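A.B. asks: model the following, please.
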Amino acid sequence: MHVISRTARLGAATALAVGGLTGVSAAPASAAPASAQSCFGDAVNYTSFAVAWPSSGWARTTTSCADINVRPDREVIVRTCFKVTGTCNAGRIASPNVWTVAASNVRDGAEYRLYFSEDNRGQVAH
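C.D. replies: Below you'll find the predicted structure:
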């Protein structure tokens, strides 16, 4: 009986702890078609201090990519916020040195800012 009680309490505590991570999802980039290779070929370097990029103003998507992709130098959680709508997507886990989709199906010319869980450097293809 005590084992079941302890297991139930442990399960409830785990559910509460993990509940705070809801909305965080991994989305690593996989082998990409030629159009995606062109997108990554136009990537620009970034440095995120104060956990935002760009640190002032807004970045703008290009016609090269349908998505906003990041490749950080360390594991971070990244959120994308859009100027026009004032909304942000759920956080996504971005692994080090791997392309990760930060936001998908984004219109050309959309202004956005990336928010990271910690300072990092890397590349963004947008």
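A.B. asks: these two touch, right, Cys65 and Cys39?
C.D. replies: Yes - with contact defined as Cβ atoms under 8 Å, Cys65 and Cys39 form a contacting pair (3.8 Å). All C-beta atoms are positioned from the backbone trio N, CA, C, and that covers glycine.
A.B. asks: can you pull the residues that touch both of these two?
C.D. replies: Ala125 (Cβ atoms under 8 Å, 6 or more residues apart in numbering).
A.B. asks: ok, the residue lying closest to Arg107 once chain neighbours are set aside - contacts?
C.D. replies: Of all residues not flanking Arg107 in the chain, Thr61 sits nearest, at 7.1 Å (Cβ to Cβ, 6 or more residues apart in numbering). For Thr61, the contact set (Cβ under 8 Å, 6+ apart) comprises Ile68, Val106, Arg107, Asp108, Gly109, Ala110, Tyr112, His126.
A.B. asks: so the residue nearest the centre of the chain is in which element?
C.D. replies: Nearest residue to the geometric centre of the chain (Cα atoms, centre = their mean): Val78, 3.2 Å. Assessed by DSSP states H and E, Val78 sits inside strand 76-82.
A.B. asks: ranges for the strands of this protein?
C.D. replies: For the chain, the strands defined by DSSP state E cover 25-26, 44-48, 52-53, 59-60, 68-72, 76-82, 92-94, 100-103, 111-116, 120-125.
A.B. asks: turn those into TSV, including mean pLDDT.
C.D. replies: Listed next are the strands of the chain as TSV, based on pLDDT from 0 to 100:
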stretch	mean pLDDT
strand 25-26	40
strand 44-48	85
strand 52-53	94
strand 59-60	98
strand 68-72	98
strand 76-82	98
strand 92-94	98
strand 100-103	98
strand 111-116	98
strand 120-125	96
